[in-house]
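predicted model, plus sequence, below.
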Amino acid sequence: LGMIFGVGAVVAMLSITAGAQKEMMSFIDQLGVNNIIIEAHEAVDRDTLQAVRAVSPGLSFRDFRAIEENVTGLVAITPRKRFKPQRVLPKTGQEPPQLIGVLPNFVEINSLKLVSGRFFTGEENQDSAAVCVLGESAKVNLLGYEEAVGKYVKINDTWLEVVGVLTPQASDDTQVEGVQAVNRNNLVIAPLNTVMRRFEDNTSYLRDEIDGIYMKVEPTVDSIETSNVVRAILTATHKDAGDYSVIVPAGLLEERRRTQSIFNIVMICIAGISLLVGGIGIMNIMLATVLERTREIGIRRAIGARQSDIVRQFLTEAVLISILGGLIGIAFGFTLSRIIATAAGWSTVVTMSSIAIAFGVSVFIGLLFGIYPAVQAAKLDPIEAIHYE
């Protein structure tokens, strides 16, 4: 039982950390390891706005042009303008989608794929065309499961023709440092000029001219070094207002991997305590077995068994207990991880490494804690052992 629960705890804990790591890594990878993202920190009230504007003009097209002209190794770059619609048609009982305006190269920067239709073109952006591309959740919530291309959605007072639908995006609501928590599936993506010229709301005066910039650098370019150049350009106009942040997914990925490695070690150590308790249980049972079988040991020694034979016998028994407990524990841990995933809604992944670690440690502990009882059994004097009891 000690081995079963110990191994099960190790497998279940590692499956939770592996699931969280996979979800986080997929989200960071989705941001683009060759990308750099600038997020504006917009004011929430007029007083905050005035304090910031005394130092910084906010994120603007001027910043966009300065970065585009002065940063080398850029593959593509686009500003972003974001709005939260006040009214949406068709009506939805779910969270209303968020509207963002970007350039057509947004699809290249974020490596987006479409289920149906197409992305809008440069000409449509130039003409401020009333077209849009829907995220997977936005499409289902607004237009159901039927074909959406060619249909219309109304955002505030503007009808937009749906020209494309994106594939589902991983890790919708994952929190990453500096990145606003947004359901990436629940988006209505329109041309930048369309959003700039056709939409406004009663909080527009609090907003920066643009609220984000996405850029993709060449694979041979160090995105972390490039981000330092971007920060230097923005510092020249924003001073120390703290009204923006520069997110480098490659840096986040490396940092997350280091953190995850430490977390895995901690989780293994915590679960290992259960295995340690199981090992102590095995040792105690084996010591009790030695006392119960003292006469048997004496008879074996008397008819020619060596000390090594007695050691091997008791070690084999201890290891077999560990192996059997480990195998049942793996099945228990896998079942436990599935229950946790269903009940808590967490992502869990049972990896071969977690199974190998848990099983290997259980066998090692069985061997380790079986040595002392085995040696004690081997050291018994045959004559005294035969006369025991």
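Nice, thanks for sending it over.

strands of the protein, start to end?
Counting by DSSP state E, one finds strands in the chain at the ranges 35-40, 74-83, 88-89, 98-102, 114-117, 131-134, 152-155, 158-166, 187-191, 212-217, 244-247.

only the buried residues of the second one, if you could.
Residues of strand 74-83 classed as buried under the neighbour-count rule (16 or more other CB atoms under 10 Å) are Leu74, Ala76, Ile77, Thr78, Pro79, Arg80, Lys81, Arg82, Phe83. All C-beta atoms are positioned from the backbone trio N, CA, C, and that covers glycine.

just the fifth one next, same as before
Across strand 114-117, burial judged by 16+ other CB under 10 Å covers Leu114, Ser116, Gly117.

likewise for the first one?
Burial within strand 35-40, assessed by neighbour count using 16+ other CB under 10 Å, is assigned to Asn35, Ile36, Ile37, Ile38, Glu39, Ala40.

quick one: strands adjacent to it?
strand 212-217 (antiparallel), strand 244-247 (antiparallel) (DSSP bridges).

for Glu209, give its distance to Ala377.
Distance, Glu209 to Ala377, using CB to CB, to the nearest Å: 82 Å.

which one's more surrounded, those two?
Per other CB atoms under 10 Å, whichever of Glu209 and Ala377 has more neighbours is Ala377, with 26 against 16.

returning to what we had before: now, among the buried residues of strand 74-83, which is nearest to Ala250?
Of all those, Ala250 sits closest to Leu74, with 15.3 Å by CB to CB.

pretty sure the closest one is in contact with Ser223, am I right?
No: contact between Leu74 and Ser223 fails when scored by CB atoms under 8 Å: they sit 10.8 Å apart.

for the record, mean pLDDT for stretch 215-226?
Here stretch 215-226 scores 85 as its mean pLDDT.

need the strands paired with strand 35-40 in CSV with mean neighbour count and distance to Phe334, can you?
Converted to CSV, these look like this (neighbours: other CB atoms under 10 Å; distance: least, CB to CB, whole Å):
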stretch, mean neighbour count, distance to Phe334
strand 212-217, 23, 40
strand 244-247, 18, 36
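
tell me which of those lies nearest to Val363.
Among the strands paired with strand 35-40, the nearest to Val363 by CB to CB is strand 244-247 (44.7 Å).

and the chain, what are its domains?
Per the record, the chain has its domains at 1-21+260-387, 42-242, by the TED database.

now those as a markdown table including distance to Gly251?
Output for the domains of the chain, formatted as a markdown table (distance: least, CB to CB, whole Å):
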| stretch | distance to Gly251 |
| --- | --- |
| domain 1-21+260-387 | 15 |
| domain 42-242 | 5 |
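
quick one, what contacts the residue nearest to Ala18 when sequence neighbours are not counted?
Leaving aside its sequence neighbours, Ala18 sits nearest to Val349 (CB to CB, 6 or more residues apart in numbering; 4.2 Å). Contacts here follow CB atoms under 8 Å, 6 or more residues apart in numbering; on that basis Val349 touches Ser15, Ala18, Gly19, Lys22.

how does it look with 10 Å?
Leu14, Ser15, Ile16, Thr17, Ala18, Gly19, Ala20, Gln21, Lys22, Glu23, Ser337, Ala341 (CB atoms under 10 Å, 6 or more residues apart in numbering).

do you know how far it is from Leu275?
21 Å.

for His387, same thing?
Distance from His387 to Leu275, by CB to CB: 39 Å.

those two: which is more packed in?
It is Leu275, of His387 and Leu275, that has more neighbours when counted by other CB under 10 Å, with 27 against 11.

for that one, give me its contacts.
Here Leu275 is in contact with 2-3, 5-7, 9-10, 268, 322, 325-326, 329, 358, 361-362, 364-366 (CB under 10 Å, 6+ apart).

inside helices: which ones of the residues you listed?
Members of the contacts of Leu275 lying in helices (criterion: DSSP state H): 2-3, 5-7, 9-10, 268, 322, 325-326, 329, 358, 361-362, 364-366.

which one is Leu380 nearest to, not counting chain neighbours?
Distances taken as CB to CB, 6+ apart put Ile297 closest to Leu380, at 5.5 Å, once the chain neighbours are dropped.

so for the one you found, what's the pLDDT?
In this model, Ile297 is scored at 83, pLDDT.

can you count the residues close to it?
By the criterion of other CB under 10 Å, Ile297 has 21 neighbours.

surely it touches Ile303?
No: between Ile297 and Ile303 there is no contact under CB atoms under 10 Å: 11.4 Å.

how about Arg301, nearest residue that isn't a chain neighbour?
Nearest one to Arg301, counting by CB to CB, 6+ apart, is Pro382 at 3.8 Å.

what sits against the one you found?
Counting by CB under 10 Å, 6+ apart, Pro382 makes contact with Ile297, Gly298, Ile299, Arg300, Arg301, Ala302, Ile303, Ala305.

which members of these are the farthest-apart pair?
Using CB to CB, the two most remote members of the contacts of Pro382 are Ile297 and Ile303, lying 11.4 Å apart.

where do the helices sit along the stretch 1-150 of the chain?
With helices called from DSSP state H, counting those that start in this stretch, the stretch 1-150 of the chain shows them at 2-31, 46-53, 61-70, 106-109, 122-126, 136-143.

want to try TSV for those, with mean pLDDT and mean neighbour count as columns?
Shown next, in TSV, are those (pLDDT from 0 to 100; neighbours: other CB atoms under 10 Å):
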stretch	mean pLDDT	mean neighbour count
helix 2-31	75	22
helix 46-53	77	13
helix 61-70	88	16
helix 106-109	88	20
helix 122-126	91	14
helix 136-143	87	22
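
of all those, which lies closest to Ile189?
Closest approach to Ile189 among the helices of the stretch 1-150 of the chain is made by helix 106-109 (7.1 Å; CB to CB).

okay, the closest one in CSV with CA atoms only?
Extracted in CSV, the C-alpha atoms of helix 106-109 (Å, rounded to 0.1, in the frame of the first residue of the first chain):
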residue,chain,number,x,y,z
PHE,A,106,-0.8,39.8,-38.4
VAL,A,107,-1.6,36.3,-39.8
GLU,A,108,2.0,35.8,-40.7
ILE,A,109,3.4,37.2,-37.4
